[in-house]
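Trainee: What shape does this take:
(one chain, ligands or ions: 2)
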Amino acid sequence: MSGLIIALVGNPNCGKTALFNQLTGSRQKVANFAGVTVERKEGSFTAPSGRTVQVLDLPGTYSLDALGPDEVITRDVCLGKVAGVALPDVIVCVADATNLRLHLRFVLEIRRLGRPMVLALNMMDAAAKRGIKIDREALEAKLGIPVIETVAVMTKGARALIEHIDTQGVEAPKATEEKDPHVEVREILSAAVVMPRFTAKIDDQLDGILLNPWLGIPILLVIMFVMFQAVFAWSGPLMDGIEGVFGWAAEAVRGYLPEGLLQSFIADALISGVGSVLVFLPQIIILFAFILVLEESGYLPRAAFLLDTLMGAAGLTGRAFIPLLSSFACAIPGVMATRSIHDIRDRLTTIMIAPLMTCSARWPVYILLVGAFVPERTVWGFASFRGLIMLALVFAGIFSAMIVSWVMKLIRRDKTDSVLMMELPSYRLPNLRNLGLGLWERAGIFMRRITGVIFAANTLIWVLATFPRAPANATLPEIDYSFAGMIGHAMEPLFRPIGFGWEICIALIPGMAAREVAVSALGTVYAIGGSEDAVANQLSGVIASQWSLATALSLLAWYVFAPQCLSTLAVIKRETNSWRFVGLTTAYLFALAYLAAFATYTVTKMITG
Ligand SMILES: Nc1nc2c(ncn2[C@@H]2O[C@H](COP(=O)(O)OP(=O)(O)OP(=O)(O)O)[C@@H](O)[C@H]2O)c(=O)[nH]1
Ligand SMILES: [Mg+2]
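Mentor: Ligands and ions are numbered 1, 2, ... in the order given. A predicted model of the protein is given here:
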């Protein structure tokens, strides 16, 4: 039996990716705001009849008429006009049952393509909860295409959808007379849908509070505040536990293995290096849990709405918000999401500032330094001082991004103002299963980085820091004779003015590959350097006793700006297709990093003496 190809299309945020995940068993990212999927994704599975079904998940579009790249791609994929993508046998148009007035327009556009299609009436759970009644058969009759109800975040409906396509086959809809889409949508709604009297009452009430001009921003600040407080307040015992296990393991290795290279490799590179990053897992998970809840509940686009005035003042288009928001997880999807910005100059500005958003690779570094240097104090009777500093670091990134884009706007002499046109999704209680999966997923990514890039970088650092070995009559610590020592000492003059010693210089090199590697590299360098505490995995203890406050703050300032992530630079190259632009972005970010670190170092030195 031959295979089957189906394509998922629909407006943004209707649940295409959730359905794709149900069908194919994969775990692509879903979130409650528009524009999450920016690249088409393919997957496949075996239908009950034994035939292989290939599924294509496409970025959401509001219409096929517009000329944006996503709209063109969607239409061309549906018509089999994209090189390398076969003509889909069936188009599955996904629609949000709670918002049919909007989504049916798109269904009609797809129907006009004249290809075999099915309507997946998604979010039926939410529709039922709001008292929206949909007569499926009437809808089917009116549209002339099969309609199947689904709840893509649970398993409901996905199987029925497949069974229908698999066993009954799908035919192209019959051509109908051309009607004004507004009129046609109204006719269909009146024939098949009964709306409750007060549909979005809860949404309106919540928006009345959360988007209130006086309350909105304070509530946003409180949410952010609680988030960072929680990171420090709830993670203590777990972190102590992990630290204890690694400290014990390092001791055990030292006890069992004879002194020598093997012992040093296992204890210094593996245990101390990896352990120094792994201790942050509890904090990372707490942070991700907050972010996921904010994503799922539909609050995030509201935050965009609140910050729109600020963004407008900085000369940014409202469309920049989603890319910048994604950059808080990682700048890579963020840079890719700028595809939704049509004005090329707006797009380049957004790409330039995306790396300034606090991505998740920065968290371990911030948490380590803040934990080591900022005293655990309670301010105003209830707030953790450390949490406040973290909040300040995040805002330092945001505000510098605003300043950079404001300067760009001055340079461009651009006087246009853009308005944020955004559809606010309905509020939704986060689904526990989804949350769990999301957390599992992100913790998995963090762990894979530890076992992959961090492990590799640590091995490299260990080799560099161990060879060549110190001469027999050595007077200095061993590491001073090694390659790492030489490189570090060579770099030191350049970084002396901003307070970085040679150990930090060494850690900055592998830190170019990925930011958090610098933490584990410091762990290894200090462990080999023979610091007692680092051996017991208390890297924070070592740096607290060896660095000055000025150095620590300077490194924090450096990390707010420095473009230490090769993958981000690579994706900027891919998206802009210009090495010059990559060079410009890298140069300006390093320059900012150096300046900020220099200013921080000098001022702190002056104050602390
Ligand atoms: N309650 C409920 N929520 C759903 C359902 N389907 C999807 N969602 C949620 O709706 C949001 C959007 O889902 P996605 O799958 O990301 O939507 P998408 O169509 O891929 O969106 P884009 O990629 O932005 O075009 C997510 O928060 C999902 O968890 C459903 O049937 N019921
Ligand atoms: Mg999607």
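Trainee: Now do the same contact list for the residue lying closest to Gly3 once chain neighbours are set aside.
Mentor: Distances taken as CB to CB, 6 or more residues apart in numbering place Thr52 nearest to Gly3, at 4.4 Å, with adjacent residues excluded. In this view, the C-beta of every residue, glycine as well, is placed from N, C-alpha and C. With contact set as CB atoms under 8 Å, 6 or more residues apart in numbering, Thr52 has these partners: 3-4, 44-46.
Trainee: sec struct for Arg428, please.
Mentor: Applying DSSP: H, G, I helix; E, B strand; the rest coil to Arg428 yields a three-state assignment of coil.
Trainee: doesn't Ala126 make contact with it?
Mentor: Yes - using CB atoms under 8 Å, Arg428 is in contact with Ala126, at 6.9 Å.
Trainee: picking that back up, now the contacts of Thr52: which count as buried?
Mentor: For those, a burial check counting by 16 or more other CB atoms under 10 Å picks out 4, 44.
Trainee: possible to save the contacts of Thr52 as JSON lines with distance to Glu171?
Mentor: Below are the contacts of Thr52 laid out as JSON lines (distance: CB to CB, whole Å):
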{"residue": "Gly3", "distance to Glu171": "19"}
{"residue": "Leu4", "distance to Glu171": "14"}
{"residue": "Ser44", "distance to Glu171": "23"}
{"residue": "Phe45", "distance to Glu171": "23"}
{"residue": "Thr46", "distance to Glu171": "24"}
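Trainee: Touching, Phe20 and Leu8? I think so.
Mentor: Yes - here Phe20 reaches Leu8: they are 5.8 Å apart, a contact under CB under 8 Å.
Trainee: Check the contact lists of these two and give me the overlap.
Mentor: Shared contacts of Phe20 and Leu8, defined by CB under 8 Å, 6+ apart, comprise 55, 57.
Trainee: More neighbours: which of these two?
Mentor: Using other CB atoms under 10 Å, the more surrounded residue of Phe20 and Leu8 is Phe20, with 28 against 25.
Trainee: which residues sit in contact with the more buried one?
Mentor: Applying CB under 8 Å, 6+ apart, the residues near Phe20 are 8, 26, 28, 41, 43, 55, 57.
Trainee: And the pLDDT for it?
Mentor: With respect to pLDDT, Phe20 has a value of 93.
Trainee: The spatially closest residue to it that is not a sequence neighbour pairs with what?
Mentor: Once flanking residues are discounted, Phe20 sits nearest to Asp57: 4.0 Å by CB to CB, 6+ apart. Applying DSSP bridges to Asp57 yields these beta-bridge partners: Leu8, Lys41.
Trainee: Asp57 is in contact with Ala18, isn't it?
Mentor: No - judged on CB under 8 Å, Asp57 makes no contact with Ala18 at a distance of 9.8 Å.
Trainee: Need the three-state assignment for the closest residue to ligand 1 within the stretch 51-200 of the chain.
Mentor: As assessed by CB to the nearest ligand atom, ligand 1 sits closest to Gly60 within the stretch 51-200 of the chain, at 2.5 Å. Three-state call for Gly60 (three-state DSSP): coil.
Trainee: I'd like to know how many residues surround the residue nearest to it when sequence neighbours are not counted.
Mentor: Using CB to CB, 6+ apart and skipping the chain neighbours, the partner closest in space to Gly60 is Pro12 (3.1 Å). Applying other CB under 10 Å, we find 20 residues neighbouring Pro12.
Trainee: Can you tell me the SS state at Pro12?
Mentor: Assignment for Pro12 (three-state DSSP): coil.
Trainee: Now do it against Asn99, distance only.
Mentor: For Pro12, the distance to Asn99 (CB to CB, to the nearest Å) stands at 11 Å.
Trainee: for the stretch 251-400 of the chain, what spans make up the strands?
Mentor: Along the stretch 251-400 of the chain, counting by DSSP state E, counting those that start in this stretch, strands occupy 378-379, 383-384.
Trainee: same for the first one, what does it pack against?
Mentor: Read it as strand 378-379. The criterion is 3 or more CB pairs under 8 Å, 6 or more residues apart in numbering; DSSP states H and E, and the helices and strands that strand 378-379 contacts are helix 385-412.
Trainee: what element comes up after the helix it packs on heading to the C-terminus?
Mentor: helix 432-449 (DSSP states H and E).
Trainee: before we move on, the earlier item: in CSV, list the strands of the stretch 251-400 of the chain along with distance to Leu553 and mean neighbour count.
Mentor: Shown next, in CSV, are the strands of the stretch 251-400 of the chain (distance: least, CB to CB, whole Å; neighbours: other CB atoms under 10 Å):
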stretch, distance to Leu553, mean neighbour count
strand 378-379, 18, 10
strand 383-384, 18, 18
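Trainee: right, so of those strands, which gets closest to ligand 1?
Mentor: strand 383-384 (30.8 Å).
Trainee: Can you name every helix or strand that the longest helix along the chain contacts?
Mentor: For the chain, the helix with the greatest residue count under DSSP state H is helix 579-608. On a contact count with 3+ CB pairs under 8 Å, 6+ apart, helix 579-608 meets helix 344-353, helix 549-561, helix 566-576.
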